[in-house]
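Undergrad: mind folding the following:
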Amino acid sequence: KDGCYDGIYQPKPYSPCVRFGWYSDGVALLWKTEKFKVIDDECIDADGNSKELVVKGSFEGGAAYRNQVYIIVPLQIKGTDKCIVVAATH
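TA: This is a model prediction of the structure:
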């Protein structure tokens, strides 16, 4: 549909909201579908290995990082050959 948005959501694995009966908080990326499209979910690197382009997950490390999440999405500006990479953390 013209003017609609698409997006990706990554919930926090240990959200304190869940303990109180709410949904998990997290991070989301949204983009206007008439302006942007997600570049293929996978690509082949120089060594012939398949790699994911859209990445989401939680950080590794101690307790301070365990509940932090991220999303990285490569987008192409429709009608051009220009691309951008957008990232969000929480």
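
Undergrad: so where's the chain uncertain?
TA: By pLDDT under 70, the low-scoring segments of the chain are 1-3, 40-66.

Undergrad: select the longest strand from it.
TA: The single longest strand within the chain, with elements called by DSSP state E, is strand 69-77.

Undergrad: what lines up beside that one in the sheet?
TA: Paired strands of strand 69-77, with direction, are strand 36-38 (antiparallel), strand 55-58 (antiparallel), strand 83-89 (antiparallel) (DSSP bridges).

Undergrad: gap between the residue nearest to Lys82 when sequence neighbours are not counted and Ile84?
TA: Of all residues not flanking Lys82 in the chain, Gln76 sits nearest, at 7.2 Å (C-beta to C-beta, 6 or more residues apart in numbering). In this view, the C-beta of every residue, glycine as well, is placed from N, C-alpha and C. Applying C-beta to C-beta, to the nearest Å, the value for Gln76 to Ile84 is 8 Å.

Undergrad: which one's more surrounded, those two?
TA: More crowded of Gln76 and Ile84, by other C-beta atoms under 10 Å: Gln76, with 16 against 12.

Undergrad: ok, that one - contacts?
TA: If you count contacts by C-beta atoms under 8 Å, 6 or more residues apart in numbering, Gln76 has them with 36-39, 82-83.

Undergrad: need those residues in a markdown table with distance to Leu30 and neighbour count, can you?
TA: Converted to a markdown table, these look like this (distance: C-beta to C-beta, whole Å; neighbours: other C-beta atoms under 10 Å):
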| residue | distance to Leu30 | neighbour count |
| --- | --- | --- |
| Phe36 | 10 | 18 |
| Lys37 | 14 | 13 |
| Val38 | 12 | 16 |
| Ile39 | 16 | 16 |
| Lys82 | 19 | 9 |
| Cys83 | 18 | 11 |
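
Undergrad: just the closest of those to Ser24, please.
TA: Val38 (23.3 Å; C-beta to C-beta).
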